[in-house]
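Sequence and computational prediction follow.
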Amino acid sequence: MTEREVVLTGIGGQGIQLAAQVLCRAALAEGREIQLFGSYGGMMRGGNTEATVVVADAPVESPPTVGRAWGALVMHHEHFEPVHRLLRPGSVVALNTTVFEGDFDRGAFVVVDVAATELAGGVGNVMAASMVMLGAFSRATGVVALESLQRAVPEALPPYRAQHVALNVAALEAGYGGVDGPLAEAWPARQEVGA
Amino acid sequence: MTEREVVLTGIGGQGIQLAAQVLCRAALAEGREIQLFGSYGGMMRGGNTEATVVVADAPVESPPTVGRAWGALVMHHEHFEPVHRLLRPGSVVALNTTVFEGDFDRGAFVVVDVAATELAGGVGNVMAASMVMLGAFSRATGVVALESLQRAVPEALPPYRAQHVALNVAALEAGYGGVDGPLAEAWPARQEVGA
Amino acid sequence: MTAGGVTGEGAARGTGVLTRGTVVIDVEACKGCDLCIDACPPRVLVMTTDRVNTRGYRYPELLPGCTGCRACSQICPDFVFQVYKYDTPVLLGEAP
Amino acid sequence: MTAGGVTGEGAARGTGVLTRGTVVIDVEACKGCDLCIDACPPRVLVMTTDRVNTRGYRYPELLPGCTGCRACSQICPDFVFQVYKYDTPVLLGEAP
Amino acid sequence: MTERAVVPTDRPPDPDAGARLVDDFTPDLIDVGTHQLCPGCGEPVAMRSVVEMVAELGLVQRTIAVFGIGCYTAFSNNLDVEVLQALHGRAPSLATGVKRCRPDAVVLTVQGDGDMVNEGLQEVVHAAARGESITCVMLNNGVFGETGGHMTATTVIGQRTKNTLEGRDPAAHGHPIRLSDLLAGIDGVAYVARGAVNTAGNVARTRRMLRRALEVQEAGLGFSFVEILTMCPTGWFIETQEAPAYLADHLAPVHATGVLKDVGTAAGTGSDG
Amino acid sequence: MTERAVVPTDRPPDPDAGARLVDDFTPDLIDVGTHQLCPGCGEPVAMRSVVEMVAELGLVQRTIAVFGIGCYTAFSNNLDVEVLQALHGRAPSLATGVKRCRPDAVVLTVQGDGDMVNEGLQEVVHAAARGESITCVMLNNGVFGETGGHMTATTVIGQRTKNTLEGRDPAAHGHPIRLSDLLAGIDGVAYVARGAVNTAGNVARTRRMLRRALEVQEAGLGFSFVEILTMCPTGWFIETQEAPAYLADHLAPVHATGVLKDVGTAAGTGSDG
Amino acid sequence: MTRRLMEGSEAIAEAMLAAGCRFFAGYPMTPFTEVLEHMARKLPGVDGVCMNAESELEAVGMAWGAAATGTPAATGSTGQGLSLMQESLSEICLARLPLVVLNMARAQGDYWQATRGGGHGDYRHLVLAPMDIPEAVELVQLAFHLSATWRNPVLVLGDYYLAHTAQSVDVGPVDFGPAPGADWALDGASGGSGRAKLISPLGDMKQRHGVGYDMSLHYRDCAEHTAAMLAGVPPRAETAWVDDADVVVVSFGTPARYVRAAVRELRAEGARVGYVRPVTLVPFPTDAVAEAAAGARVVAVYENNQGQMIDDVRLAVLGRAPVQFIGGLSLDHSGFGIAPDLDVAVLKTRIERVLETAPAPREGAA
Amino acid sequence: MTRRLMEGSEAIAEAMLAAGCRFFAGYPMTPFTEVLEHMARKLPGVDGVCMNAESELEAVGMAWGAAATGTPAATGSTGQGLSLMQESLSEICLARLPLVVLNMARAQGDYWQATRGGGHGDYRHLVLAPMDIPEAVELVQLAFHLSATWRNPVLVLGDYYLAHTAQSVDVGPVDFGPAPGADWALDGASGGSGRAKLISPLGDMKQRHGVGYDMSLHYRDCAEHTAAMLAGVPPRAETAWVDDADVVVVSFGTPARYVRAAVRELRAEGARVGYVRPVTLVPFPTDAVAEAAAGARVVAVYENNQGQMIDDVRLAVLGRAPVQFIGGLSLDHSGFGIAPDLDVAVLKTRIERVLETAPAPREGAA
Ligand SMILES: Cc1ncc(C[n+]2csc(CCOP(=O)(O)OP(=O)(O)O)c2C)c(N)n1
Ligand SMILES: Cc1ncc(C[n+]2csc(CCOP(=O)(O)OP(=O)(O)O)c2C)c(N)n1
Ligand code: SF4
Ligand code: SF4
Ligand code: SF4
Ligand code: SF4
Ligand code: SF4
Ligand code: SF4
Ligand SMILES: [Mg+2]
Ligand SMILES: [Mg+2]
């Protein structure tokens, strides 16, 4: 059994939780099992937001939060430290370089630098930066395919935000395109599972 | 240590609880220790009312309700049975014969027949029947002196019933007079205790 | 006890008090509160003074002149009354 | 950035917009809600469009013509404004 | 005293005398030999009025009565309509749950002033504002009868209670809440009336109010409410026969009787039902 | 867009320019760098108004503020007046205990509509009827802001909330309670006013109401109450800049602003404070 | 119903619907709010009613009323909201009504409230503690079944993690066999029959001739009923690797998932550790714990509180092995119940420390 | 104060006054009503305030407010009323306020509510259980002392018998030594100082720069404080005739008086029986019970409920002797808590039966 723990962290809110939703729905569509735990303060608090996603090829055994992460999407340096502690040597870390400031032991990890906010601005809205990161992460790891992510966007968006489907689909694409090729391999045999 | 358990039972309310109060205050004035437990339903219930008094020559050890009674004041036959079960051979039972109906093993006890309601009517109010019984019980047992009872009446009555002092004092006297002489001895040496 | 001089015949004979109704009183249910006494418009209910029911309560008795107005029944907390109305008024007893 | 042509001297020279007051804006405290914009009677507050504070919020800037009326300060949920009133009105910048 | 001409009252009049029964409580609906409430209490008459109006409208087989906790609780296990006994103060919420699940049932509450204006004030106000299709009946005697006659939130200034034997003093004890008046001002409320049982005439008027309140519920017009001023000689520390006048002189001037609101008719303010 | 003539606003005007500071929040009383309430929220302004009126009347060293639970609770640990934090709904009772033990203190509560009209309706009504010498302040946005913007007991018909995205429907969700109106009808209540913070003018009026309410408490006239309509763009699911008009168009027509009662003056109905 | 990505709060709501729940009432409080929102959205679609009650007290009252009509009903809150409901939660037992109560708890400090009863008197609720969404889906349905069977409230104890974790789940109805019919339910129709129905916490015997309620009889009946229920419901626990374990760890709910992961890793490293996870907290799986402890050198208890279930563990072990606490209150700043110490590495260290300091194996132990 | 005939309810009120109590709030409920009446009559005479609160929820809120001003304050009810107060009673611990709470209970079914906490979270109250009026007079005063010392609620668990029994008593102040000053108390004066006081169940640290409350810190602090309190308050028990006892009976409160009388009679008849009466229920006198049980063949527990304290007895005895229940819910029809089985003869029979069926003396027992 392989379990891939991916932690998404940032400030603000919607972007991170939506990206996590899209990732999970895409993985499910590819026949994986998933588990998603989102934590965020009350409505009014603008503080940090985090999501822990586990994608697996069998029913997930991992508890909701993880002690180690196979991958991370880091939107902002402010809440990076707790995530950093979860990383194993070789973990894949996608960094939003438009915003991220600060140093860490990059050599220990597979770091994917993505100018996410910038690229998101390019496709029309900086709010889509998380989606850019997700596209890049997909390209770098193959944890799910780009098409699966794109297909997952409409169902992950609440009905009253349906007008944003195209933007997010484009953002995924922009991120995917921003990475040269696979840097890690999510699944042992890279074979399609299930349906 | 001697503990004298006296149970008062009847229907209606005030009469019984007032008699128990007067008995206790009189005993206290004579230097005894006392314990009084009154039980009665909510305000509106006209059901039975009962008081358990323990008079002792040392701090009372007995729990609030007693398993055996040395004496009883029985105003009405309706709730007599539970009291009957508490009586020991030789217990002193004062009976309100104006009202009491029914048979029991009188021979086992020292029964003091008192036409209490009738005598109370004689001094002015049938409501004072409990006080008549108490006067009679005092005469029959010497558990407290008549004068102590009479002196206790004013403090036992709530202020707004102060006008009834004379009636109750007279009722005590009428009961006392209704019994020929001592039928039992409450205290071993019949000496005054304390003050 | 039976009260003096009250019979159905009184009415037939055309003497006594004009009486349009009457009541049945469940004496044992009464708690002696007196409410019916003041409630009765012709004031034909009176409390006993010397007699009590088995629970020790005084209770009302009816004098001639009941109108069958139902006031007593409506006010009584213990559901003591049944009220009857005569199709034809009767004359009962003497004037109070 | 510095905006063109706004100096204290403008007023002294007698050109520009009559300005009775001015405000201090604590840009970092702003959450970009826009409430001050509509609240300002002479409408001399405008939101930035391309610049945000470090928390990512757009914030207001002041054009000449402030009256020192305090409306912005009274309505702002984030206590961003201090309002000053000139003892003598000044003339600032050009008419908008 | 002199011998009086007493009419025999121990049995119905001679069948031949041409008399018909014109009033009797409905013994089928209240199964009591003797109930345990105090002499002169106003609650039994109020209770009787409620069930008789239910019967009069033919609702006996559709009614669920939710009871609060007070002296009147003595009736909750001797009626021949279905009863749900609530905790002190909570009846309107229970009634809400019942009504929402049994919309065809007629749901009413029977509560005291302590129950409704003290412990459960919030429940009845919220149910009223929800326009809940239930009928709440408050028996208001201005005291916690059951626990011994203490002041409640409806006790009027000057009223005698166990803890205000000199009369309620606004400086020390605050002011009474006039619940009917309060409810009449709330949107969602269709019918509000305040009756009393201190005179036969008031009883008759109160019965009409109860009848109308049930009709309002049946018509689905919204929340309906009847407050009934009842005597509590025990809690007022007065003689039973003084209680009706005490009610009229003390309670009624503050808690004025009449129909306060009826959205189903033109009527509505200050009329007497 | 074209370059604009922007006045520098990053520091006070030149001391020589002859300008005086005419408005600034009282940073000594609210120790916040940046508070955590949402952009465009009406509560911070209401909160500021309360503490500034306390300061204006010279009551800072005699005031005890009792807080409810809602978004405004974020202020309960950053004021420089004494604060007692209550549970959701319970502030008026705590304030009562405080005032009775410290009669010389000025005691006020800060509560939301969910806190005061839902969870704790009974508390405030009882405190009002007791004529408790406290000042209760309600921040009314018609939603539970803190838990995500659900309907409360004050939500007006048609208002958007998390569970009434199509607007509150009276048939399904009942009617709003107009608390100020309700309280104004209660004996023991000395002062009732409803303000709003959706315009600078309304803020100024609201501040006068708060000031008067505190004066009424100081004068020992009875219970005083100020309701403040506040914007909650988050709970209303609208843009921040639409919120003031939304308040005016939806909330204010039902919860009308003005002084509803003032026993200390001839005034009292419908004036605007 | 097909598999669908759902948060725990939604899965719980779906499970309630699948169990036949047709009435729900609640008042928002994180992390219960989400369940309430889902119920409000879903119930009307199945002709059910969801009340956004004005407070917790009113919510439990409404649920009580609904339950009295025989409608499968539920309410809930966090532990704090349930504190407000304690009077009703006690007395609903005396009224002999079925009701499902959710505690979407913050941390695990409500164990005593749930199992001992925060209210007055001698009542007990059955308490089920799922550790994850699939189990919650089953236990929520079991709760309705047990509550209908025993005419007694059943409490489902969840937490923030359960509410906020999403998974792909398939919520189908689970068949627990027939429950007795609700012939006691009110609909008004028995009025006028001479024996109109009565549901009352004071007793269900109709009064004849002014006798009033007899609480002594009724309370005794209820106590007997409670005893029968506690004896009649089989306790449930999940047990693993206990046969040869030196240390057996006991924990319930979400934390048990972390304990399981830690124990699994330790086993993989050769340590003789096992675990027991009580699934029913009332009745507590005393025998399962006692058996698991039979050969253990130490029984360790993890709870995210200051030590509450540990009493029940001690009562099961009764001195046969030392019982050691490895939990403690752990919260992030929000107070919602996210525990920093729920970290597999942290738990491994704690268990290892217990192993190191454990007394020598006992005589005669397996 | 000289000796005077008083009901327990009045003696308790006098003891509160002697302890310095100057604020009381309550709502009537038998048998608590009488205490409330006495407080209402007596407090104004000592410049105190008694509030006839409109409900139990409001009563506890008022008491909370009063306590926050440093005024020695109390509230109470029966167990049912206390159920309504559970949310506040939990959170007052988090607000770190002293408060005395009376439970004039009906029977003994509230043992768990009192000792485990009916509310949410990890709080504990200290719990004192007097058996008669003189002890109540002392323990009520001790309650004020402990509550001021530990800034934590202390619950006094009485009952109908205690309230309704009258005795001649002398209520004088008892000196338990100094309690720490209430420098945290609110009076408004610290406003404007830059560090105005804050009393809050969410934490007492003032916010600086938008950080908000940090519950993780505060809850941890409170948990530590609770642990210190439980360790710092000496448990109390009355023990008699246990040294050579074959059967040790454990009971608390009024029933212990009946147990004592039964044990005394049995001793007089030569039976080797003794008793332990926990006086503090929290902290529970675990050591005293364990020691008393050391040589016993059976430990018998009498409670007027279905068995609650028996858990604490078992936790003390931990399997070293069988623990047998000889209690059970016993009420008269009123439900107020008058127990027909509180009869010395009945208890003697029950204890005798335990003696007869007790296992043989254990090896090595004293
Ligand atoms: C929660 C709770 N608190 C207190 C009580 C005690 N209690 C029983 S009835 C009652 C007052 C009843 O007053 P009211 O509703 O006015 O009815 P009345 O007795 O006057 O008819 C009280 C306080 C209770 N049963 N439950
Ligand atoms: C007893 C209880 N129930 C529920 C909650 C959850 N809760 C916290 S704040 C809040 C609503 C606040 O609404 P309101 O008072 O209107 O304040 P706002 O957030 O709108 O400012 C709720 C329901 C709680 N804290 N306590
Ligand atoms: S029916 Fe009317 S007239 Fe006749 S007794 Fe009754 S009240 Fe009096
Ligand atoms: S009103 Fe009824 S109970 Fe009262 S005295 Fe008349 S008959 Fe008797
Ligand atoms: S003080 Fe008045 S004029 Fe000046 S910016 Fe503010 S609102 Fe505009
Ligand atoms: S009102 Fe305040 S927070 Fe809002 S945009 Fe203006 S300055 Fe910024
Ligand atoms: S106490 Fe009052 S309300 Fe209760 S039964 Fe007696 S008179 Fe009626
Ligand atoms: S949710 Fe509403 S009330 Fe709360 S902070 Fe945001 S805008 Fe203000
Ligand atoms: Mg009443
Ligand atoms: Mg709000």
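On my side now, so go ahead. Numbering: from 1, shown residues only, chains lettered A, B, ... in the order given. Ligands and ions are numbered 1, 2, ... in the order given.

Please determine how far the closest residue to ligand 10 within chain G is located from ligand 6.
Relative to ligand 10, the nearest point of chain G is G:Pro28 (11.4 Å; C-beta to the ion). In short, each C-beta sits where N, CA and C put it, glycine included. Relative to ligand 6, G:Pro28 is positioned 27 Å away (C-beta to the nearest ligand atom, to the nearest Å).

For D:Gly93, see how far away that residue is.
Distance, G:Pro28 to D:Gly93, by C-beta to C-beta, to the nearest Å: 51 Å.

Between those two, which has more neighbouring residues?
Between G:Pro28 and D:Gly93, counted using other C-beta atoms under 10 Å in any protein chain shown, G:Pro28 has the larger neighbour count: 26 against 23.

Was I right to think the more buried one contacts F:Thr147?
Yes - using C-beta atoms under 8 Å, G:Pro28 and F:Thr147 qualify as a contacting pair, with a distance of 4.0 Å.

Identify the contacts common to the two.
Overlap of the contact sets of G:Pro28 and F:Thr147 (by C-beta atoms under 8 Å, 6 or more residues apart in numbering or on different chains) is empty.

Spatially central, which residue of chain A would that be?
Nearest to the centroid of the C-alpha atoms of chain A, with distances taken as C-alpha atoms, centre = their mean, sits A:Leu134, at 4.4 Å.

Tell me the secondary structure of that one, please.
Three-state assignment for A:Leu134 (DSSP: H, G, I helix; E, B strand; the rest coil): helix.

Quick check: it vs ligand 9, distance?
The spacing between A:Leu134 and ligand 9, counted by C-beta to the ion, to the nearest Å, is 66 Å.

and if you look at E:Ser133?
Distance, E:Ser133 to ligand 9, using C-beta to the ion: 26 Å.

what does A:Val7 give?
As judged by C-beta to the ion, A:Val7 and ligand 9 stand 61 Å apart.

Okay, now the sheet partners of the host helix or strand of that residue, with direction.
Assigned by DSSP states H and E, A:Val7 belongs to strand A:3-11. Strand pairing for strand A:3-11, using DSSP bridges, gives strand A:48-56 (antiparallel), strand A:69-74 (parallel).

For G:Leu94, give me its contacts.
G:121, G:123, G:201-202, G:218-219, G:222.

ok, G:Ala95 touching E:Ala86?
No - with contact defined as C-beta under 8 Å, G:Ala95 and E:Ala86 do not form a contacting pair (9.3 Å).

Is stretch G:107-115 positioned near chain H?
Yes - using C-beta under 8 Å from any C-beta of the partner chain, we find that stretch G:107-115 touches chain H at G:107, G:109-110, G:112-113.

Does chain A have contacts with stretch G:76-87?
No - counting by C-beta under 8 Å from any C-beta, chain A is not contacted by stretch G:76-87; separation bottoms out at 13.4 Å.

Mind pulling the model confidence for the closest residue to chain H within chain E?
Closest to chain H within chain E is E:Thr147: 4.0 Å, counting by C-beta to the nearest C-beta. E:Thr147 carries a pLDDT value of 92.

Just say helix, strand or coil for it.
Taken by three-state DSSP, the conformation at E:Thr147 corresponds to coil.

any idea how far it is from H:Gly109?
For E:Thr147, the distance to H:Gly109 equals 21 Å [C-beta to C-beta].

So for residue 15, what's the pLDDT?
Picking chain A for this. pLDDT recorded at A:Gly15 is 81.

um, chain C though
Residue-level pLDDT assigned to C:Thr15 equals 72.

What strand or helix carries the spatially closest residue to E:Leu221 that is not a sequence neighbour?
Once flanking residues are discounted, E:Leu221 sits nearest to E:Ala190: 3.9 Å by C-beta to C-beta, 6 or more residues apart in numbering or on different chains. In the assignment (DSSP H and E), E:Ala190 maps to strand E:189-196.

Provide the contact partners of that strand at residue level.
For strand E:189-196, the surrounding residues in contact (C-beta under 8 Å, 6+ apart) are E:128-129, E:131, E:180, E:183-184, E:202-203, E:205-206, E:209-210, E:212-213, E:216, E:221-230, E:247-248, E:251-252, E:255-264, E:273.

re earlier: could you check which of G:Ala95 and E:Ala86 has the larger neighbour count?
The neighbour comparison of G:Ala95 against E:Ala86 (other C-beta under 10 Å) goes to E:Ala86, with 34 against 24.

which one is that one nearest to, not counting chain neighbours?
Nearest residue to E:Ala86, sequence neighbours excluded (C-beta to C-beta, 6+ apart): E:Leu94, at 4.6 Å.

so how far is G:His225 from that neighbour?
Distance, E:Leu94 to G:His225, by C-beta to C-beta: 22 Å.

which one of those two has more residues nearby?
Neighbours were counted for E:Leu94 and for G:His225 using other C-beta under 10 Å; E:Leu94 has more, 33 against 17.

host element of that one?
If you go by DSSP H and E, E:Leu94 is part of helix E:91-101.

is ligand 1 contacted by that helix?
No - applying C-beta under 6 Å from any ligand atom, one finds helix E:91-101 out of contact with ligand 1, separated by at least 10.2 Å.

what's the answer for stretch E:111-129, then?
Yes - using C-beta under 6 Å from any ligand atom, stretch E:111-129 reaches ligand 1 at E:112-115, E:119.

Narrow the residues you listed to those in strands?
Counted as lying in strands by DSSP state E, out of those, are E:Gly112.

give me the subset of the residues of stretch E:111-129 next to ligand 1 touching ligand 9.
E:112-114 (C-beta under 5 Å from the ion).

out of those residues, who's nearest F:Val156?
Minimum distance to F:Val156 across those is 31.2 Å, recorded for E:Asp113 (C-beta to C-beta).

Give me the neighbour count for the closest one.
By the criterion of other C-beta under 10 Å, E:Asp113 has 29 neighbours.

C:Glu61 too?
Applying other C-beta under 10 Å, I find that C:Glu61 has 21 neighbouring residues.

before we move on, what about the one 5 residues further on?
A count of nearby residues for C:Cys66, using other C-beta under 10 Å, gives 27.

Three-state assignment for the residue nearest to it when sequence neighbours are not counted, please.
Computed as C-beta to C-beta, 6+ apart, the closest residue to C:Cys66 that is not its neighbour in sequence is C:Gly21, at 4.7 Å. At C:Gly21 the chain is in strand, as set by three-state DSSP.

Specify the beta-bridge partners of C:Gly21.
Per DSSP bridges, the residues bridged to C:Gly21 are C:Lys85.

So it sits against C:Gly68, correct?
Yes - with contact defined as C-beta under 8 Å, C:Gly21 and C:Gly68 form a contacting pair (2.0 Å).

How many residues are close by the closest residue to chain A within chain E?
Taking C-beta to the nearest C-beta as the measure, chain E has E:His126 as its residue closest to chain A, at 24.1 Å. For E:His126, the neighbour count with other C-beta under 10 Å is 27.

One more: A:Leu183?
Counted with other C-beta under 10 Å, A:Leu183 comes out at 16.

any idea how far it lies from A:Val83?
18 Å.

and if you look at G:Gly65?
Using C-beta to C-beta, G:Gly65 is found at 49 Å from A:Val83.

who's in contact with the residue nearest to the centre of chain A?
A:19, A:22-23, A:73, A:149, A:172, A:175.

Looking at those residues, which is nearest C:Asp26?
Distance to C:Asp26 across those (C-beta to C-beta) is lowest for A:Val22, with 80.2 Å.

Give the full set of residues in contact with that closest one.
Counting by C-beta under 8 Å, 6+ apart, A:Val22 touches A:131, A:134, A:149, A:152-153, A:156, A:168, A:172.
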